[in-house]
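Q: below: sequence and its predicted model.
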Amino acid sequence: MPEIASRLLLPALSFLLVACWLGGGVTVDDTSIDEWLQLLALPVLLLAAMALAGERMPRLLHWGASLVFLVALVPALQLVPLPTGTWAVPTARQALATDLAQAGVTLAPHWSLVPSATEQALWSILPALAAFLAAASLPKQQRRRLMQLVVLLVGCNLLFAFFQTGLPPDSELRLYSDFNTGFGGLFANTNHQATACIIGMALAVGLASEARLRAQRGELHPHRTWWYLSLAAVFLLVVPLSTSRAGMAIALPILALALLMTGTLRLGMIGRSKRTTVLALGLALLAVVGVRAAMGWMAVDQAEELRHVMAVTTVADGKAEAPLGGGVGSFVQIFAQAAPAQLRMASYVNHAHNEYAQWWLEAGWLGMVVLALALALLAAAGWRIVRSEGRSAVLAAACLASICAVLAHSWADYPLRTITLMATTGSLGGLMLASLADARERKARSRRI
């Protein structure tokens, strides 16, 4: 059974990711698409569990799997009823507890203030959980295929965005016709298109470095490296078309991180190698142009002032809801009650536009502990990547750079609130840990020899 599961895993995961990209590009969906994606994740989750059951899980993968289950545990625990005294510990709930007592309500309230939203958030994690475990279970020879699939999905969405920009505003082929989507493609939010392009760029750099190592061993023609680098350049150059200021600000640092961690650019070879020197000069030129453009785009306008107020207000609301947190998915209701006058608009505020502030509000101290563990695991993975070498380490480095891009953009937006980017990031996390475990095993074997 584990062998059969291993053979079916890549096709099943690929189908899940394609489905997530086709139907999971919005944060709020009033159709049944999200539910179908969650159901589709169940067989992938089962296959991953069967594949993992047939082999001993490396320690790093064990930590990663434990962490993703902790992430799912946070909203699950928030659906549990609490004693009234414990429930009313946050200062924001004390007045509500008094009102409930006066009304004669004796039922133990749920941890979450909006249990239905928290339950929905719990189910929404399923595709990402399945993608992580499935990617972590993939055989070594199939991991490159998964990275190529993600790059292909990013490229196809880019082509679709170009196609949509040529359509008239009232065209039936234009998605999200109720508002101007710009260059988002399958994403309702064009900022998420920027995140996707940066992910594609980092992965293309990793594939280029991996292709170079394969070419050195005579397994591949050297021109494949330059094809991947050209593709990375295309993804970088189209980021400004998304009009995402934060996307442009983080694109160049992520490019530098990907080039350095994958070994595509070696600082010690600058001046010694003509290829490395040309690449370093090109990167420096792009950095100058990009920084100047980002400084202009990051000028604080009215929208950015409101975004800053959203984040500050969310942090203050989180303090009032500490230590419990309001409940995952409860942001809209809590924020609407405490929003300052300048944020009382005709349309409601759907997110804090700062994931870390929103996690603090919704998940409280428990969420911050899980977040700290996730960042610690990423830091440990980064340290091991620096100390490792080989094709597996290169793939792990590209995945780490992509995850860092998502986390950096989460400071000014909410990319992980879409099933598309959440499932894609989950798959890259599993792929990173599995590849890094292989790199460590290879290094240990070489020491024994």
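A: In hand now; what should we look at? Numbers count the residues shown, from 1 in each chain.
Q: may I see the buried residues of stretch 22-32?
A: Within stretch 22-32, the residues that count as buried by 16 or more other CB atoms under 10 Å are 23-27, 29. (Glycine included, C-beta is placed from N, CA and C.)
Q: same check on stretch 354-371?
A: Buried, per 16+ other CB under 10 Å, within stretch 354-371: 354-364, 366-368, 370-371.
Q: what sits against residue 9?
A: 44, 47-48, 51, 134, 137-138, 142 (CB atoms under 8 Å, 6 or more residues apart in numbering).
Q: lowest pLDDT pick from the residues you listed?
A: Among these, residue 51 carries the lowest pLDDT, at 84.
Q: check which helix or strand covers that residue.
A: helix 33-53 (DSSP states H and E).
Q: buried set for that helix?
A: Buried, per 16+ other CB under 10 Å, within helix 33-53: 33-34, 37-38, 40-41, 44-45, 47-48, 50-52.
Q: next, find the distance separating residue 80 from residue 324.
A: According to CB to CB, to the nearest Å, residue 80 and residue 324 sit 11 Å apart.
Q: got any residues that touch both of the two?
A: residue 111.
Q: those two: which has the busier surroundings?
A: residue 324 (22 against 11; other CB atoms under 10 Å).
Q: check the offset of the strand or helix carrying residue 257 from the chain's centre.
A: For residue 257, the host element (DSSP H and E) is helix 245-261. On the basis of CA atoms, centre = their mean, to the nearest Å, helix 245-261 sits 15 Å off its chain's mean C-alpha point.
Q: and for stretch 407-420?
A: The mean C-alpha position of stretch 407-420 is separated from the chain mean by 6 Å, CA atoms, centre = their mean.
Q: now do stretch 164-176
A: 28 Å.
Q: can you check stretch 416-436 too?
A: Averaging C-alpha positions (CA atoms, centre = their mean) puts stretch 416-436 6 Å from its chain's average.
Q: for the chain, what helix or strand is lowest in average pLDDT?
A: helix 274-297 (a mean of 65; mean pLDDT, DSSP states H and E).
Q: any idea of the mean pLDDT for the helix or strand following that one?
A: Downstream of helix 274-297, the first helix or strand assigned by DSSP H and E is helix 302-321. For helix 302-321, mean pLDDT rounds to 76.
Q: and for stretch 390-397?
A: On average, stretch 390-397 scores 87.
Q: ok but residue 62 is inside a helix, no?
A: Yes - under DSSP: H, G, I helix; E, B strand; the rest coil, residue 62 sits within a helix.
Q: and the gap between it and residue 253?
A: Taken as CB to CB, the span from residue 62 to residue 253 is 31 Å.
Q: dump stretch 15-29 to PDB, restricted to CA.
A: Taking C-alpha atoms only, stretch 15-29 is exported to PDB below (Å, rounded to 0.1, in the frame of the first residue of the first chain):
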ATOM      1  CA  PHE A  15      -4.700  17.800  -9.400                       C
ATOM      2  CA  LEU A  16      -5.300  19.500  -6.000                       C
ATOM      3  CA  LEU A  17      -3.000  22.400  -6.700                       C
ATOM      4  CA  VAL A  18      -4.400  23.000 -10.100                       C
ATOM      5  CA  ALA A  19      -7.900  23.000  -8.600                       C
ATOM      6  CA  CYS A  20      -6.800  25.400  -5.900                       C
ATOM      7  CA  TRP A  21      -5.400  27.800  -8.500                       C
ATOM      8  CA  LEU A  22      -8.500  27.600 -10.600                       C
ATOM      9  CA  GLY A  23     -11.000  28.100  -7.800                       C
ATOM     10  CA  GLY A  24      -9.200  29.400  -4.700                       C
ATOM     11  CA  GLY A  25      -8.000  32.900  -5.700                       C
ATOM     12  CA  VAL A  26     -10.500  34.800  -3.600                       C
ATOM     13  CA  THR A  27     -10.600  35.300   0.200                       C
ATOM     14  CA  VAL A  28     -14.400  35.300   0.600                       C
ATOM     15  CA  ASP A  29     -16.400  32.900  -1.700                       C
END
